[in-house]
Every structure is written in structure tokens, then in C-alpha cells.
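**Q** how would this look folded up:
(2 chains)
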Amino acid sequence: GNSVTQMEGPVTLSEEAFLTINCTYTATGYPSLFWYVQYPGEGLQLLLKATKADDKGSNKGFEATYRKETTSFHLEKGSVQVSDSAVYFCALVGGTSGSRLTFGEGTQLTVNP
Amino acid sequence: GAVVSQHPSWVICKSGTSVKIECRSLDFQATTMFWYRQFPKQSLMLMATSNEGSKATYEQGVEKDKFLINHASLTLSTLTVTSAHPEDSSFYICSAKEQVDTEAFFGQGTRLTVV
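**A** A predicted model of the protein is given here:
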């Protein structure tokens, strides 16, 4: 079945540092890939997505490129802010799971001023 | 993006009572809704998938008689935790999709505490 593996956290950075959160996946066919963000005590918000190989999703300075050859969808941001502190989830839909999202374990990011 | 409203955002109840959580899609018709449970510092665990007008499909290990799901309309699904116990305390999150191949939008979650 489908699976998503995320870089273990927590990740602690200083403001304006470069961020990478690794995400790799296992799925049959051509899944769609997502990054969601969860702020404390809240539900999930879609951060960005990519639906086919080589697509780059981007939003609020975050980017991720769908790499089929390495089955990866790493999240990057060139300069993080304190307000980016949250939990980030990589997810996919498609393959053997149909319309259900398969989530990674989540990565806690803390950005210090 | 589309809005999914979950209510209440938090609830405290006594052991043995039942609690109902509502999930509404405010600006689209949701053919499919999902209910998740999230433990502290963990990922989301899918509990069940509900399609409007039909019975929910529960994930393995989820008691369907304890977690009653109703998806009576295209904009509303409810999760009722029956005879709640302290171990049912958790963060419950719903999500909704308009079509099978469209993205899912999430509610803001409900913090349930059973005392």
C-alpha cells in the first residue's frame, strides 16, 4: 500500500535560516503529493501540492518539487520566520488508497527569533 | 480555498455520556468526508470515510458502534462518540472533498476531554 516517510523532528532553526524537510513516498501509479501545515490547536491547512512528476508546488515562500525518479517531495524555504513555527505533514492521495490521504508522521518546526 | 467548519472546537464531557461533533462544508458540496483522530505529537489516524447517503467505511480497529458517523446531506457529517471514556479523549479532525479527485479541506478540529 501507500506510505509516506518524513524527516524526523523536531527541527529548530533561527529566523532567516534555510529550511528543508525531507519527504519520500511509496505508491503505485501516479499519486498527487501535498504538504499540509498544522498550527497549535488547529486543523490542517493545505500549504502546497503537485499532481504530476516535475511539478513544483509553491506558496508563501515554500516550495516542493515532485521527483518521481527519487520518489521525493522535499519541502524547502529560503528564509524562515517565527510565524512558520508549526507541524508540517507530507501526504499523498492516489495509488492503492483511492481518495484517502496517506500522511507522514509530521515534522515539528520551531523558528527562534 | 473552500471552508470546512467543525463544531464544537472543544468539549468536556463526563464518562458514559455521548458527544456529537459536526463537520460542515460551507461553500461546496462534499460527496466524501473523512474523520481522523490525532494523539499528541502524532500524525492523523483515519477513522472512517463517509459518502453522502451511504454507510461509513470504518478503518480496521475502529469500533463502528462507538464512533457513529452520519453523512445525511452533502454539507454535513456528524461523528458521535457514544458512552465516552477517558481513553477517547483526543483531537478529532474532519475533512471534506467535493469529488474523488479534488483536494481535501480540513476542519479546525475538536478537542474532546472525557472526565
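**Q** tally of neighbours for residue A:22?
**A** For residue A:22, the count of nearby residues is 16 (other CB atoms under 10 Å in any protein chain shown). (Glycine included, C-beta is placed from N, CA and C.)
**Q** mind checking how far residue A:26 is from residue A:73?
**A** Here residue A:26 is placed at a distance of 12 Å from residue A:73 (CB to CB, to the nearest Å).
**Q** Of these two, which one has the most company?
**A** Neighbours were tallied for residue A:26 and for residue A:73 using other CB under 10 Å; the higher tally belongs to residue A:73 (30 against 14).
**Q** Can you list the buried residues in the helix-or-strand element of chain A with minimal mean pLDDT?
**A** In chain A, no helix or strand scores lower on mean pLDDT, DSSP states H and E than strand A:101-103, which sits at a mean of 91. By neighbour count on 16 or more other CB atoms under 10 Å in any protein chain shown, the buried set for strand A:101-103 is A:101, A:102, A:103.
**Q** swap in stretch B:23-36?
**A** B:23, B:24, B:25, B:28, B:30, B:31, B:32, B:33, B:34, B:35, B:36.
**Q** what's the span of that stretch from first residue to last?
**A** 12 Å (CA to CA, to the nearest Å).
**Q** For residue 53, which non-adjacent residue is closest in space?
**A** In the absence of a named chain, this looks at chain A. residue A:68 (3.9 Å; CB to CB, 6 or more residues apart in numbering or on different chains).
**Q** nope, chain B please
**A** Using CB to CB, 6+ apart, the nearest residue to residue B:53 is residue B:71, at 7.2 Å.
**Q** Tally up the residues packed near the one you found, please.
**A** 25.
**Q** Could you list the buried residues of the helix or strand harbouring it?
**A** If you go by DSSP states H and E, residue B:71 is part of strand B:67-73. Residues of strand B:67-73 classed as buried under the neighbour-count rule (16+ other CB under 10 Å) are B:67, B:68, B:69, B:71.
**Q** The following helix or strand past the least confident helix or strand of chain A packs against which elements?
**A** Proceeding N to C from strand A:101-103, the next assigned helix or strand is strand A:107-112, under DSSP H and E. Applying 3 or more CB pairs under 8 Å, 6 or more residues apart in numbering or on different chains; DSSP states H and E, one finds that strand A:107-112 contacts strand A:11-14, strand A:19-21, strand A:86-93.
**Q** how does it look with 6 Å?
**A** strand A:11-14 (3 or more CB pairs under 6 Å, 6 or more residues apart in numbering or on different chains; DSSP states H and E).
**Q** List the strands paired with the strand it packs on, with their directions.
**A** Using DSSP bridges, strand A:11-14 pairs in its sheet with strand A:107-112 (parallel).
**Q** List of residues touching the partner strand?
**A** A:6-7, A:9-15, A:21, A:80, A:82, A:84-85, A:87-88 (CB atoms under 6 Å, 6 or more residues apart in numbering or on different chains).
**Q** before we move on, back to that, now tabulate the buried residues of stretch B:23-36 in TSV and tack on secondary structure and distance to chain A.
**A** Converted to TSV, these look like this (DSSP: H, G, I helix; E, B strand; the rest coil; distance: CB to the nearest CB, whole Å):
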residue	secondary structure	distance to chain A
B:23	strand	10
B:24	strand	13
B:25	strand	13
B:28	coil	14
B:30	coil	12
B:31	coil	9
B:32	strand	6
B:33	strand	11
B:34	strand	7
B:35	strand	12
B:36	strand	9
